[in-house]
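Undergrad: Next one to model:
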Amino acid sequence: MTPRSRGLAIATALLSSLLLAACGGGDDTGTSATSGSGKLEKTTIKVGALPIPDPAALYVANKKGFFKEEGLTVEPVTIQGGAAALPQIKSGALDISHTNYVSTFLAASKGEKIKIVGDVYQAAPNTFNLMVPKDSPLQSVADLKGKTILVNTLKNIGTLSVEATLKVAGLTAADVKFVEKPFPEMGNALLAGQGDAAWMTEPGITAAQSKLGFRKLADTMSGETENMPIAAWMATEEWVKNNPNTLAAFQRAIAKAQAIVAKDRKEVEAVLPTYTQIDAKTASVITLGSFPTSLNESRLQRVADLMLAYKYIDKPLDVKSMLAGPTG
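TA: The predicted model follows:
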């Protein structure tokens with residue numbers, strides 16, 4: 001081979017290697033990846049979730065590899081309430097979190113820059129009940145005057161729905177005392193005399209009935225709160241702005257899983273024992289709400305309007321500006 005031809009061969013090989021690197025080399029740092037809409041700003045995110053049926057789609061998406069398909073690793077983190085998760089998403093300890101609409105809208109009314117990035121759960125009959133021990137002297141909501149009611153978080157969907165239930169019985173929030181207690185601890189707390197009634201959701205309702213003999217005092221999702229939007233995925237406005245591709249990847253994956261749980265109860269039953277204190281047998285009989293597949297502005301505005309009526313907020317809140325996800 002002549003010096004000229006040898007030089008040409010070397011140049012050709014170098015050009016080929018550069019082209020290969022450009023086309024398929026990728027990022028060696030592990031901090032970014034390519035998804036359907038571009039390079040992910042973060043490939044691993046922490047997502048807060050309560051140990052209740054609402055966020056089932058998160059676990060279905062992980063189980064079926066939907067996040068992995070997007071180049072995303074999602075690490076679920078157990079939380080106790082949407083309000084409690086707000087400091088964690090603000091600090092960066094969580095990237096996205098499960099939250100209830102009341103806590104989120106309340107925070108927004110106080111100036112917190114929060115975005116709703118996906119709908120999670122909507123109430124149905126007997127999915128959020130006031131429960132009492134079987135030997136409780138309480139027989140009606142009117143009997144709650146002067147009593148203590150356990151809720152998972154103050155000033156959230158629980159207290160709002162209880163207030164709406166109290167109103168029908170001629171009572172107000174001033175007639176009772178609300179005390180915070182994590183959902184998994186409510187049953188034992190009632191038996192220990194730490195409260196007179198508890199605002200419970202599934203799987204706590206079924207567990208309290210089957211294992212502790214508790215009975216329902218009232219369904220808090222009726223009348224003004226019938227079919228109430230309950231929970232969402234939230235992130236800070238700053239995180240949404242700085243991580244558009246990561247957010248889009250999360251939304252695509254969670255939407256696939258949400259569509260599945262919305263139609264197939266068995267998928268929910270299969271994942272519940274993996275992140276809640278409930279066995280497969282109980283999971284098969286609990287009462288479930290519905291799993292919306294898009295953000296509906298008018299439906300969510302209803303929550304903010306009810307909060308205004310019960311003085312949770314002191315001026316109207318337009319929820320449209322808070323939505324950062326597929327609407328419908």
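Undergrad: Show me where the stretch 101-250 of the chain has its strands.
TA: For the stretch 101-250 of the chain, applying DSSP state E, counting those that start in this stretch gives strands covering 114-122, 128-132, 148-151, 177-180, 197-201, 215-219, 229-236.
Undergrad: between those strands, which one is nearest to residue 168?
TA: Counting by CB to CB, residue 168 lies closest to strand 215-219 out of those; the figure is 8.8 Å. For every residue, glycine as well, the C-beta is placed using N, CA and C.
Undergrad: What residues of that closest one count as buried?
TA: 215, 217-219 (16 or more other CB atoms under 10 Å).
Undergrad: and it, which strands flank it?
TA: Using DSSP bridges, the strands paired with strand 215-219 are strand 128-132 (antiparallel).
Undergrad: from the middle of its chain, how far away would the partner strand be?
TA: The chain centre lies 21 Å from the centre of strand 128-132; the measure is CA atoms, centre = their mean, to the nearest Å.
Undergrad: go on, stretch 296-310?
TA: Centre to centre, stretch against its chain (CA atoms, centre = their mean), the figure for stretch 296-310 is 18 Å.
Undergrad: Name the residues that touch it?
TA: Contacts with stretch 296-310, where a contact means CB atoms under 8 Å, 6 or more residues apart in numbering, come from 101-102, 105-106, 116, 119, 160, 163-164, 224-225, 228-229, 292, 313-320, 323, 327-328.
Undergrad: helix, strand or coil for the residue nearest in space to the middle of the chain?
TA: Centroid-nearest residue in the chain, with CA atoms, centre = their mean: residue 98, separated by 2.6 Å. For residue 98, the assignment made with DSSP: H, G, I helix; E, B strand; the rest coil gives strand.
Undergrad: From residue 179, how far off is it?
TA: Distance of residue 98 to residue 179, given as CB to CB, to the nearest Å: 22 Å.
Undergrad: again with residue 250
TA: Counting by CB to CB, the gap from residue 250 to residue 179 is 35 Å.
Undergrad: Look at those two and report which has more neighbours.
TA: residue 250 (30 against 14; other CB atoms under 10 Å).
Undergrad: wait, what's in contact with that one?
TA: 45, 47, 67, 70, 72, 74, 96, 117.
Undergrad: for the host helix or strand of the first one, the distance to its chain's centre please.
TA: In the assignment (DSSP states H and E), residue 45 maps to strand 44-49. For strand 44-49, the distance from its own C-alpha centre to the chain's C-alpha centre is 11 Å (CA atoms, centre = their mean).
Undergrad: now swap in stretch 284-302 and tell me
TA: 11 Å.
Undergrad: what's the first-to-last distance across it?
TA: 31 Å (CA to CA, to the nearest Å).
Undergrad: Do me a favour and average the pLDDT over it.
TA: Per-region confidence: stretch 284-302 scores 95 on mean pLDDT.
Undergrad: any idea of the pLDDT on residue 179?
TA: 98.
Undergrad: How many residues are close by the closest residue to residue 277 other than its chain neighbours?
TA: Nearest residue to residue 277, sequence neighbours excluded (CB to CB, 6 or more residues apart in numbering): residue 184, at 5.5 Å. A total of 19 residues lie near residue 184 under the criterion other CB under 10 Å.
Undergrad: Return the residues in contact with residue 184.
TA: Contacts of residue 184 by CB under 8 Å, 6+ apart are 51, 204, 277.
Undergrad: Settle this for me: the last one is touching residue 51, isn't it.
TA: In this case it means residue 277. Yes: using CB atoms under 8 Å, residue 277 is in contact with residue 51, at 6.8 Å.
Undergrad: Between these two, which is the more surrounded one?
TA: Comparing residue 277 with residue 51 by other CB under 10 Å, the one with more neighbours is residue 51, at 20 against 13.
Undergrad: Look at the more buried one and tell me its secondary structure.
TA: Per three-state DSSP, residue 51 ends up coil.
Undergrad: Next one, pLDDT for it please.
TA: Looking at residue 51, its pLDDT is 89.
Undergrad: can you give me the helices in the stretch 1-150 of the chain?
TA: Using DSSP state H, counting those that start in this stretch, the helices of the stretch 1-150 of the chain run over residues 3-24, 56-63, 66-69, 82-91, 101-109.
Undergrad: And for the stretch 201-328 of the chain?
TA: Under DSSP H, counting those that start in this stretch, the stretch 201-328 of the chain gives helices at 204-212, 237-242, 244-263, 265-275, 280-283, 297-309.
Undergrad: With residue 148 as the reference, name the closest of those helices.
TA: Shortest distance between residue 148 and the helices of the stretch 201-328 of the chain, using CB to CB, is found for helix 204-212: 16.8 Å.
Undergrad: what comes into contact with the closest one?
TA: Residues outside helix 204-212 that contact it (CB under 8 Å, 6+ apart): 52, 126-127, 129, 131, 133-134, 183-184, 186-187, 191, 198, 200, 214-216, 277-278, 282, 285-287.
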